[in-house]
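A.B. asks: What shape does this take:
(chains A and B)
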2 protein chains.
Amino acid sequence: MAESQQLQSTTDSQQPQTTVETGNNLPVAIIHRLPTFNFSFSWAKGIVNPIESSDPLYPIHRLSARAVIVLGPSPLKSEHLDQYPSVECIFGTSAGVDHIDLAECRRRNIRVTSAGDAFSEDGADYAIGLLIDVLRLVSASDRFVRAGLWPVEGIYPLGNKVGGKRVGIVGLGSIGSLVAKRLEPFGCTIGYTSRNKKPQLHYQFYSTALDLATNSDALIVCCALTEKTRHVINHDVMKALGKRGILVNVGRGALVDEKELVKLLVGGELGGAGLDVFEDEPQVPRELFTMDNVVLSPHKAIATTEAIEGLIQLVIGNMKAFFSNKPLLSELNLHD
Amino acid sequence: MAESQQLQSTTDSQQPQTTVETGNNLPVAIIHRLPTFNFSFSWAKGIVNPIESSDPLYPIHRLSARAVIVLGPSPLKSEHLDQYPSVECIFGTSAGVDHIDLAECRRRNIRVTSAGDAFSEDGADYAIGLLIDVLRLVSASDRFVRAGLWPVEGIYPLGNKVGGKRVGIVGLGSIGSLVAKRLEPFGCTIGYTSRNKKPQLHYQFYSTALDLATNSDALIVCCALTEKTRHVINHDVMKALGKRGILVNVGRGALVDEKELVKLLVGGELGGAGLDVFEDEPQVPRELFTMDNVVLSPHKAIATTEAIEGLIQLVIGNMKAFFSNKPLLSELNLHD
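C.D. replies: Alright, predicted model coming up:
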């Protein structure tokens, strides 16, 4: 959610410095969003003529528009696509695309772009930040100091070393690969599970999340959410990770069976968790609020000022490419 | 302080598995510590006959003892050394040795060991954790979620990207070098200041902290505290780091002019800080308690369960080496 929520933060200063003429000659792009996502998209002007559903001409434009811009994770299902019978390209603005009915897009021969790698580095950085935080109790220590407890209690419990840990990456895609690269100098042993083994990499491949968890001290979840990956981190996987095992999730909340996660954390059967995403955002299970072995984050792993600027340039580039019949910059392959 | 405070946590399970005979035949080692450091040192038994100042035989042993074990940062000054006229070797248990009068040890021809690299990896890991935390607002986000503000406020402010930042390392010693190595895959540009330029490294050298700060987005302070480095991070250095600049300190509190630091943070003239150490520990300036661009930590960067275990093995190794006339494992060079 964060990527779209945050779009407003930099948009108004992001009016593109292009020389494309403005006015009615520009191609139309429908702005598709949940009503709650009331954010500026001034950065799109100058490239396209953005039309909102509130626009008096929307009923006409929606019939002929060749492009739709989807803000953040606004759902775009079959019934929405029916509203845009001429659409040829969907410009996504998020890294995950589980909110878009890709099967339906494929069936209708609609192309889809995503945020591509615009957020990958930030996602990887944040995953490392959460892992260090949970192992070394950074946020918990900060709470301890701010509560004035240092002079009173003196000692704060020891954390655990990052180096030497076996870290399992669930989904060795653009974020996962960068996580692995960052973990190497820490002296971690890296394993992964992924749709396919990547023979060019020297990391240990496991064919299931359960095998990976059995052989890991920490799991970092950063795969895409699909019907196949929903609850890929289930009770058995977390049990296999074990009492000292740590789960970091920067993917999507529904990749993890959250009820089981909470149960295992409450029962001390999982060592700790660093969670940027949740199943029912912005709701976070309250049982986690008092745990020092848990770090909670409001779906912001991929959002930085710099990443949003990069995303805007990417979407602009995709739109320019589409309307001039050039290859798109971050098109999804819907035919795999 | 943390390294000594934490010694108790693992000591009792760390009885060394050696076959050295116990009893009065073992060489004496005086345990030197602040009265408040009332920690177990059962791990030392079996290697030496550890004598506390409370021991009835202390007045005799202190005169003939060849070895002193200094627990944590307990001050060991000239007047203390006078108590141990036969001492030949001081076994330190901390990474920093500013609490030991090294000049006096040199004059008296006393050898000194430190914790060596036992804590370096953890110190570097924690520095990276603090840097990511301050840039990406990890602890602050965790507070936001725990306060129940996510459903209410929706958006949490954007953080800043780690990649692309110019990170200046103050003191490219054992911790600083590991910090640099870890930062490389994040895409940071690394500079440093150090007593001497290290021509074998490709990082940019600056001869002063001021020059380094002028050319950095973040400073990571991890040098030793000496009379020369006290307040090496002064008003001018922090002003040069600037309004968006971030200061991380995992060295010693007195490396930074803390009053100036607080003033600049309060005035918005410094971007943020990740602080594991303070000038008057365990006192932390209260002005920092309400700042979201600051992460506070109770001097624990170098303390993990694994590091303490490593330290114990190192001190045991040093003691065995000393009493069998073999080279010490982590002896300080006092003659540079």
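
A.B. asks: The stretch 51-200 of chain A: strands as residue ranges?
C.D. replies: Assigned by DSSP state E, counting those that start in this stretch, the strands in the stretch 51-200 of chain A fall at A:67-70, A:89-92, A:111-113, A:166-170, A:189-193.

A.B. asks: Which elements pack onto the fourth one?
C.D. replies: Using 3 or more C-beta pairs under 8 Å, 6 or more residues apart in numbering or on different chains; DSSP states H and E as the contact criterion, the neighbours of strand A:166-170 among helices and strands are helix A:174-183, strand A:189-193, helix A:209-214, strand A:218-221. All C-beta spots, glycine's among them, are computed from the backbone N, C-alpha and C.

A.B. asks: Quick one: neighbours of A:Phe205, just the number.
C.D. replies: 16 (other C-beta atoms under 10 Å in any protein chain shown).

A.B. asks: how about the nearest residue to it, chain neighbours excluded?
C.D. replies: Sequence neighbours aside, A:Lys197 is the residue nearest to A:Phe205 in space, at 4.4 Å (criterion: C-beta to C-beta, 6 or more residues apart in numbering or on different chains).

A.B. asks: For the helix or strand harbouring A:Lys239, which outside residues touch it?
C.D. replies: Using DSSP states H and E, A:Lys239 maps to helix A:235-241. For helix A:235-241, contacts defined as C-beta atoms under 8 Å, 6 or more residues apart in numbering or on different chains pick out A:209-210, A:213-214, A:216, A:218-219, A:245, A:247, A:257, A:260-261, A:264, A:269-271.

A.B. asks: 6 Å - rerun?
C.D. replies: A:Ala209, A:Leu210, A:Ala213, A:Thr214, A:Leu219, A:Glu260, A:Leu264, A:Leu270 (C-beta atoms under 6 Å, 6 or more residues apart in numbering or on different chains).

A.B. asks: Considering those, which possesses the most neighbours?
C.D. replies: A:Leu219 leads the contacts of helix A:235-241 on contacts (other C-beta under 10 Å) with 29 neighbours.

A.B. asks: which residue ranges form the helices in chain A?
C.D. replies: Along chain A, counting by DSSP state H, helices occupy A:2-5, A:7-11, A:58-64, A:78-81, A:102-107, A:120-136, A:138-146, A:150-153, A:174-183, A:209-214, A:235-241, A:258-266, A:305-323.

A.B. asks: from those helices, which stretch is densest packed?
C.D. replies: helix A:120-136 (a mean of 28; mean count of other C-beta atoms under 10 Å in any protein chain shown).

A.B. asks: Rounded mean pLDDT for that helix, please.
C.D. replies: For helix A:120-136, mean pLDDT rounds to 98.

A.B. asks: And stretch A:94-102, by the same measure?
C.D. replies: Across stretch A:94-102, the per-residue pLDDT values average to 89.

A.B. asks: how much distance is there from that stretch to the middle of the chain?
C.D. replies: 10 Å (C-alpha atoms, centre = their mean, to the nearest Å).

A.B. asks: Tell me which residues of that stretch come out buried.
C.D. replies: For stretch A:94-102, burial by neighbour count (16 or more other C-beta atoms under 10 Å in any protein chain shown) applies to A:Ser94, A:Ala95, A:Gly96, A:Val97, A:Asp98, A:His99, A:Ile100, A:Asp101, A:Leu102.

A.B. asks: ok so, going back, need the strands of the stretch 51-200 of chain A in CSV with mean neighbour count, can you?
C.D. replies: What follows is the strands of the stretch 51-200 of chain A, written out as CSV (neighbours: other C-beta atoms under 10 Å in any protein chain shown):
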stretch, mean neighbour count
strand A:67-70, 24
strand A:89-92, 24
strand A:111-113, 22
strand A:166-170, 26
strand A:189-193, 22
